[in-house]
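Colleague: what's the 3D shape of this:
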Amino acid sequence: MARERLSSLFFAVLGLSATSWGGLALMAQLERRYVVRRQMLTQEGFADLVAIAWAVPGPVACNVAIQLGYVLRGRAGALVSGLASVLPFFLAMGALALAYLHHALPAVLNPAVLPRFRVVLACLIAVTLWRQSRSLLKTRTAQTVAGIATAMLWVAPTPMVFVGVLLAAFAYGWLTAPRDDARAPLPSLSRGEWAVIAFYGVSLAIFALVPLDAVESRVVDTLRQAGASLSLFGGGFSAFPVLRSLFVGGAHGVSADTFNTAFTLSAMVPGPLLNVVPFLGLLGAGALGAVLATFAFFVPTGVLAVFAQRWLAILRQSPRFEHALGLLRAATTAFLADAVLRVVPNIPLNALDIGLALISLFVLGRLKLPVYWLYLGVAVTAFAA
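Modeller: Predicted coordinates:
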């Protein structure tokens, strides 16, 4: 396999991340550069990276970029590629957060723009929910798991419920899976790997058990966010209820309206949909909060993706694992459904917004155009009015 220079890897991923709206777009560009054009990775090898990224929590596209860097240049490549994939949207969302804090953003935007943007955002989440449901909820069992999870999230949208729903779905899938899976020997774990697993367990427990109002230490807050990142399966909008439980109220003091605004603006910026994290981190705890939140949400899952490469061949031999992971992913549709149910009631019911919603559903669902074209159309229309 040809070796990529670290500087070339950094600037290539940086440029691709800066011009990719959404995780799927970034993965497609990475594949085009390193599989089709440069032929530094085979099609099967890249498919393995994508499979691992979908099997672990966190932002799928960034996890693919981190793994790609690891395959090409080892740990240094993973660090360089991961940093390059995050830097563009970190700077962009940080700038938007500063503009929002200093009231420059509301002054620039027409008062009618943000509410219209939220209509488009609600339609984008709804289309994502529809596509994911069609892909994941193909059996009666998966539909039942998704229905129960949605009801539980609506009644009690707390971190303990988030973690409990995912663990219960995975455990149920594991216990009800076919029992004829191959018994491949598991690889031995080093002390460092056991330490990483212990860190994940502690941070996930802190996220599930420590209430937001009880968090006073920045270290505990960062560990709580790292634990939250381990509960994020199924794409960026699945993070809506999780991030809401982390940043709205409590020590961070982010209002529900500001939180919805942050998610609305995130679709305007390149990168995965978790690009909202630096915005919320900066609003909650300044520049250091933005850095720590971004580190907590992107580093642990990236390390886990690299760590999981050793297990891919074994997991492929386990129908039990595949069945359990399938039901876990079915449960993640509940997080998208919860996002829709929380956003839609805040949209005023008038003829203009209903018309915009119908157009947005057609453009996003049928024509499959990027959402920023809708945002641009809404902004131009508002300024012209």
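
Colleague: C-alpha from now on. contacts and neighbour counts both.
Modeller: Noted.

Colleague: after the helix or strand of the chain with the lowest mean pLDDT, which helix or strand is next? Please name it.
Modeller: Using mean pLDDT, DSSP states H and E, helix 104-108 stands out as the lowest-scoring helix or strand of the chain, at a mean of 63. Next helix or strand after helix 104-108 toward the C-terminus (DSSP states H and E): helix 113-136.

Colleague: now do the buried residues in that following helix.
Modeller: Judged by neighbour count using 16 or more other Cα atoms under 10 Å, the buried positions of helix 113-136 are 113-129, 132-133, 136.

Colleague: burial count for Ser188?
Modeller: 7 (other Cα atoms under 10 Å).

Colleague: quick check: it is in a strand.
Modeller: No: under DSSP: H, G, I helix; E, B strand; the rest coil, Ser188 sits outside any strand and is assigned coil.

Colleague: how near is it to Ser245?
Modeller: Distance of Ser188 to Ser245, given as Cα to Cα, to the nearest Å: 37 Å.

Colleague: quick one: the residue most central in space within the chain from Pro319, how far?
Modeller: For the chain, the residue sitting closest to the mean C-alpha position, by Cα atoms, centre = their mean, is Gly236 at 3.1 Å. For Gly236, the distance to Pro319 equals 27 Å [Cα to Cα].

Colleague: with Ala290 instead?
Modeller: In terms of Cα to Cα, Ala290 sits 40 Å off from Pro319.

Colleague: the more surrounded of the two?
Modeller: Taking neighbours as other Cα under 10 Å, Ala290 and Pro319 compare with Ala290 leading, 23 against 17.

Colleague: pull the contacting residues for that one.
Modeller: Gly94, Val277, Pro278, Phe279, Leu280, Gly281, Leu282, Leu283 (Cα atoms under 8 Å, 6 or more residues apart in numbering).

Colleague: mind doing that once more with 6 Å?
Modeller: Pro278, Gly281, Leu282 (Cα atoms under 6 Å, 6 or more residues apart in numbering).

Colleague: okay, now Val196: neighbour count?
Modeller: Neighbours around Val196, by other Cα under 10 Å: 16.

Colleague: could you say which helix or strand contains it?
Modeller: helix 191-209.

Colleague: before we move on, what about Gln39?
Modeller: Applying DSSP H and E, one finds Gln39 in no helix or strand.

Colleague: can we start the residue count at 3 from this point?
Modeller: Noted, 3 is the first residue going forward, which turns the last one into Gln41.

Colleague: near it, how many other residues are there?
Modeller: 14.

Colleague: and it, how far from Glu33?
Modeller: Taking Cα to Cα, one finds Gln41 at 9 Å from Glu33.

Colleague: then Thr44?
Modeller: Thr44 is 9 Å from Glu33, by Cα to Cα.

Colleague: what about those two, which has more around it?
Modeller: Between Thr44 and Glu33, counted using other Cα under 10 Å, Glu33 has the larger neighbour count: 21 against 14.

Colleague: which SSE is that one in?
Modeller: Going by DSSP H and E, Glu33 is in helix 25-33.

Colleague: so what does the following helix or strand past that helix touch, helix or strand wise?
Modeller: Counting by DSSP H and E, the next helix or strand C-terminal to helix 25-33 is helix 45-57. Judged by 3 or more Cα pairs under 6 Å, 6 or more residues apart in numbering; DSSP states H and E, helix 45-57 is in contact with helix 62-103.

Colleague: what mean pLDDT does the helix it packs on get?
Modeller: The predicted model assigns helix 62-103 a mean pLDDT of 93.

Colleague: for Leu369, what are its contacts?
Modeller: No contacts exist for Leu369 under Cα under 6 Å, 6+ apart.

Colleague: for stretch 23-43, which residues meet the burial criterion?
Modeller: In stretch 23-43, counting by 16+ other Cα under 10 Å, buried: 23-25, 27-29, 31-33, 35-37, 42-43.

Colleague: where's Leu290 relative to Leu282, distance?
Modeller: 12 Å.

Colleague: looking only at neighbour counts, state which of the two leads.
Modeller: Applying other Cα under 10 Å to Leu290 and Leu282 shows that Leu282 carries more neighbours, namely 29 against 13.

Colleague: which pLDDT value belongs to the more buried one?
Modeller: 93.

Colleague: please, which helix or strand holds it?
Modeller: Leu282 belongs to helix 278-309, assigned by DSSP H and E.

Colleague: domain-wise, how is this structure divided?
Modeller: Recorded structural domains for the chain (assignment: automatic domain parsing) are 8-86, 91-386.

Colleague: any idea how far Arg331 is from the nearest residue to Gln31 once chain neighbours are set aside?
Modeller: The shortest distance from Gln31 to any non-neighbouring residue, by Cα to Cα, 6 or more residues apart in numbering, is to Leu18 (6.6 Å). Using Cα to Cα, Leu18 is found at 28 Å from Arg331.

Colleague: please apply the same query to Arg39.
Modeller: Relative to Arg331, and taking Cα to Cα, Arg39 is found at 33 Å.

Colleague: please apply the same query to Val167.
Modeller: For Val167 relative to Arg331 (Cα to Cα), the value is 11 Å.

Colleague: please report phi then psi for Val212.
Modeller: The phi/psi pair for Val212 (degrees, to the nearest 10) reads phi -90, psi 120.
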